[in-house]
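1. Sharing a model prediction with you, sequence too.
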Amino acid sequence: MVERFEVALNTPAGRLTTAIDVPTGLIPITAIVPVTRRLGEEAGQLEVQQAIAAGQTISCRMGCAACCRMLVPLSAPEAFALREYVEQLPTDRRTQLLNRISTTKDRLKREGVWDRLNNVAEASRPMPDDELDPINRAYYALRIPCPYLEDEMCSIYEARPAACRELLVTSPAELCQDLVQNPVTPLPVSMRIGSILGLVWGTLTSSPPRLIPLPMALEWAERHVEESRQTWPGSSLLDQVLDNMWRFLSQAFTNRHEARGEGQGVPGKDTDPRFHL
Ligand code: SF4
């Protein structure tokens, strides 16, 4: 049994209205991940339409995976959902993937980055940007392709993290070859879905909101699998997701208003869906 909710959200790029079906009974947190991502993608589409109407071009194309060398953060619910997705893959695909993840882990260990990523994943408090930035830079300096990348295409496209879905640029694609040196222009993101799911999970489990680096997401999810088996009423999970979305949208309106007006805004604050570089 599902219950249908009509959702309306005012975003800085326009009004989003959509219907969402949520199971009426108790559901695990992973069951709310797809609808939360869908809302994020629909909000993202409004940004795309607005950018195109303003004469901008979205440079991102299939086969361009320059940004798949950055560190991608996942919320705990997304890490659990990714684990479930990988578990149901055909054996040969799963084995290939797990081998690539293992190779990536070995390299990160050799480079002294793995333990630093693990500290991020298991932090008992939200990590401030000044602690995250050096870790993120050290990771990006290695230019390690994401272990989920295959022939420069995402092999888990339908299950990829929200942070991957949210990164679109309007600057020339060649600038993305070096995201530290080059000034790229990401499309604004009014709701960071990974952060929203992380906040919901933090509230549900009385734990600090955490972001888990993608290369270790499966390992982290396995370590915490018991937590993923808890269930909550579907409508209550949706309420919490929407509540956090409204807070993000309110902040996005404020940021853009300030940035447009007197230049006193927080440039990039709502536009950087990944760990900062
Ligand atoms: S999950 Fe897919 S889209 Fe995201 S960084 Fe990895 S390969 Fe790229």
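-> Alright, I've got the coordinates. Residues are numbered from 1 along each chain as shown.
2. didn't residue 187 look like it was pressed against residue 168?
-> Yes - in this structure, residue 187 is within contact of residue 168 by Cβ atoms under 8 Å, at 4.4 Å. Just so you know, the C-beta spots here come from the backbone N, C-alpha and C atoms, and that holds for glycine as well.
3. shared neighbours of the two, which are they?
-> 44, 47-48, 58 (Cβ atoms under 8 Å, 6 or more residues apart in numbering).
4. Show me which residues of the stretch 101-250 of the chain sit near the ligand.
-> 146, 148-149, 154, 156, 160-161, 164 (Cβ under 6 Å from any ligand atom).
5. from the chain's centre, how far out does stretch 214-227 sit?
-> Stretch 214-227 has its C-alpha centroid displaced from the chain centroid by 16 Å (Cα atoms, centre = their mean, to the nearest Å).
6. same question for that stretch, mean pLDDT?
-> In this model, stretch 214-227 has a mean pLDDT of 97.
7. which of the residues in that stretch are buried?
-> 214-221, 224, 227 (16 or more other Cβ atoms under 10 Å).
8. for this protein, which spans come out with low pLDDT?
-> 261-277 (pLDDT under 70).
9. So which residues of it form helices?
-> 33-53, 76-87, 91-110, 114-121, 129-142, 162-166, 193-205, 217-223, 225-228, 234-261 (DSSP state H).
10. Give the buried residues for the last one.
-> To tie it back to what came earlier, the one meant is helix 234-261. 234, 237-238, 240-242, 244-245, 248-249, 252, 255-256, 259.
11. How much space separates the residue most central in space within the chain from residue 245?
-> Nearest residue to the geometric centre of the chain (Cα atoms, centre = their mean): residue 163, 2.6 Å. Separation of residue 163 from residue 245 (Cβ to Cβ, to the nearest Å): 16 Å.
12. got it, and residue 43?
-> Counting by Cβ to Cβ - residue 43 and residue 245 are separated by 8 Å.
13. again, but for residue 90
-> Distance from residue 90 to residue 245, by Cβ to Cβ: 35 Å.
14. follow-up on the earlier one: which neighbours do residue 43 and residue 245 share?
-> What both residue 43 and residue 245 touch, as defined by Cβ under 8 Å, 6+ apart, is the set 9, 191.
15. residues in contact with residue 190?
-> Applying Cβ under 8 Å, 6+ apart, the residues near residue 190 are 11-13, 43, 47, 248-249, 252, 270.
16. try it again with 7 Å
-> 11-13, 43, 248-249, 252, 270 (Cβ atoms under 7 Å, 6 or more residues apart in numbering).
17. Highest neighbour count among the shared contacts of residue 187 and residue 168?
-> Neighbour counts for the shared contacts of residue 187 and residue 168 (other Cβ atoms under 10 Å) peak at residue 44, which has 25 neighbours.
18. what comes into contact with stretch 129-148?
-> 68-72, 100-101, 104, 107, 111, 113, 116-117, 120, 154-156, 179-180, 214-215, 275-277.
19. Pull out the buried members of these.
-> Applying 16+ other Cβ under 10 Å to these flags 68-72, 100-101, 104, 113, 116-117, 120, 154-156, 179, 214-215, 275 as buried.
20. Next, the buried residues of stretch 15-22.
-> Result for stretch 15-22 [16+ other Cβ under 10 Å]: buried residues 16, 20, 22.
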